[in-house]
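Student: Sequence and predicted structure are below.
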Amino acid sequence: MIRATHDLHHRRRGRNAGIGLLLGGFVALVFAITLVKLSTGQSLEAFDHTIRPTLDPAVQEAMRAAGGGQ
């Protein structure tokens, strides 16, 4: 007689549920961090392999001297 469900199936189901919960928690964490970063209203600058004037102290000083700084 063959049992319909083996003990191995119960262990796999429990392991899969645990991995699913961890994955869902990670997705929720990334989503929450994204919402917090977007809701602060600060300018988001990506790494796009170009010179960013906002990081260059000489450009910042020139902007302040010209009256365009913060």
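Tutor: Arrived safely, thanks for sending.
Student: for the lengthiest helix in the chain, which positions count as buried?
Tutor: Ordering each helix of the chain by length in residues (DSSP state H) puts helix 7-39 first. By neighbour count with 16 or more other Cβ atoms under 10 Å, helix 7-39 contains no buried residues. Where you see a C-beta, it was placed from the backbone N, CA and C, and this is true even at glycine.
Student: Can you name the element that comes right after that helix?
Tutor: Reading on from helix 7-39 to the C-terminus, the next helix or strand found by DSSP states H and E is helix 57-65.
Student: Go through that next one and flag the buried ones.
Tutor: Residues of helix 57-65 include none that count as buried (16+ other Cβ under 10 Å).
Student: So for that helix, mean pLDDT?
Tutor: Helix 57-65 shows a mean pLDDT of 84.
Student: try stretch 25-37
Tutor: Averaged across stretch 25-37, pLDDT comes to 93.
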